[in-house]
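1. Sequence plus the predicted model coming up.
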Amino acid sequence: MNAPSRTTTRTWLATTAAALAVGLTLSGCGGNTNDSRSAGPRSTGTPTTPSSAPTDPATELGEDMLLTEDELNGVGPGWQLVDTGSTDDGAFLRCQRETLVELGASEVLVRTFERPSTDGPTTTAGHLIAVFPDQASLDAANQAVNEWLSSCEEHATGGNGEPGWVAGSLVVDTVHGTRSDHPGSGETWGFTFDDDRTDEFGWFDSVGHGIGSRCLTIVSYGDWGQDADYELEQLPGVVLLQKALDKLPA
């Protein structure tokens with residue numbers, strides 16, 4: 001029996017379906033319901049702004065803008081900080097196809113975590129922030145992340161003992177931070193993967209991404225196992241994305 005903080009794949013898929021059925025929007029803000037299915041229509045993402053003029057004042061990244069070990073452990077216990085760096089290697093997400101620098105980022109900051117387990121594999125989580133020189137490049141990068149996620153089936157890692165694709169879709173179409181002085185917003189996706197160990201589809205990734213100021217922020221929370229359940233507003237990708245948006249400059 002795994003730790004009670006873990007989520008079953010059956011529950012994860014059911015939660016995704018329920019969220020899509022009601023077109024859930026968090027933080028009391030209205031939004032269009034996206035008809036998203038596994039490998040289905042692509043999300044429109046965060047609304048874009050046509051201006052390409054640089055935004056002032058300049059945004060500088062600092063480690064205080066990244067999620068902490070304590071914040072990860074507020075979602076589920078056992079997480080440990082692994083590394084904090086300024087290099088995006090293009091493998092932050094299973095579905096990722098370019099580095100953030102290749103998408104136009106002028107600066108990137110990445111923090112990774114892991115959760116060792118005595119009864120299963122080690123799981124991973126992370127937080128990435130990227131600064132862009134203008135609104136147009138920020139919006140384009142945010143849309144590119146949507147493209148990665150909506151076509152994850154075509155690009156997710158798998159085989160050679162790694163988790164293989166099972167299903168995935170948009171879960172919550174609008175997520176806002178909890179601070180009224182932070183206008184950022186984003187969305188959360190859920191993915192499940194065959195654990196390549198048993199007959200259970202035991203892996204899942206909860207991924208959130210959004211924009212605020214001149215920053216794109218992405219959170220990823222991986223889990224494996226059974227036994228637990230999450231309310232929609234408590235899904236790891238939702239909770240961590242809200243915290244990540246709250247840390248962006250106002």
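-> The structure has been received and is ready for your questions. Numbering: from 1, shown residues only.
2. Regarding this protein, what is its longest helix?
-> The residue-count maximum for a helix in the chain (DSSP state H) belongs to helix 135-150.
3. which residues in this structure form strands?
-> Ranges of strands in the chain, per DSSP state E, are 80-85, 107-115, 123-131, 164-176, 185-194, 203-212, 215-224.
4. need these in TSV with distance to residue 148 and mean neighbour count, can you?
-> Bear in mind the C-beta positions are built from the backbone N, C-alpha and C, glycine included. Conversion of the strands of the chain to TSV gives the following (distance: least, CB to CB, whole Å; neighbours: other CB atoms under 10 Å):
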stretch	distance to residue 148	mean neighbour count
strand 80-85	21	12
strand 107-115	16	20
strand 123-131	13	23
strand 164-176	11	23
strand 185-194	10	26
strand 203-212	9	27
strand 215-224	10	26
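5. Pick out the shakiest of those, pLDDT-wise.
-> Ranked on mean pLDDT, the bottom entry among those is strand 164-176, at a mean of 84.
6. give me the low-pLDDT residue ranges for this protein?
-> 1-59, 155-165, 195-202, 225-229 (pLDDT under 70).
7. Throw the strands of the chain into a markdown table and include distance to residue 140, thanks.
-> Formatted as a markdown table, those follow (distance: least, CB to CB, whole Å):
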| stretch | distance to residue 140 |
| --- | --- |
| strand 80-85 | 24 |
| strand 107-115 | 16 |
| strand 123-131 | 12 |
| strand 164-176 | 19 |
| strand 185-194 | 15 |
| strand 203-212 | 11 |
| strand 215-224 | 10 |
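8. Which one, of these, ends up nearest to residue 139?
-> Proximity to residue 139, assessed across the strands of the chain by CB to CB, is greatest for strand 203-212 (7.5 Å).
9. got the CA positions of that closest one in CSV?
-> Output of strand 203-212 as CSV, limited to C-alpha atoms (Å, rounded to 0.1, in the frame of the first residue of the first chain):
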residue,chain,number,x,y,z
TRP,A,203,2.1,7.4,-13.2
PHE,A,204,0.6,10.9,-13.5
ASP,A,205,1.8,14.4,-14.2
SER,A,206,-0.1,17.5,-13.1
VAL,A,207,1.1,20.4,-15.2
GLY,A,208,0.2,24.1,-14.9
HIS,A,209,1.4,27.0,-16.9
GLY,A,210,0.5,30.7,-17.1
ILE,A,211,1.8,34.2,-17.6
GLY,A,212,2.1,37.4,-15.6
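10. how much does it deviate in direction from strand 215-224?
-> Orientation check (axes from the mean of the first three to the mean of the last three CA atoms, to 10 degrees): strand 203-212 against strand 215-224 gives 170 degrees.
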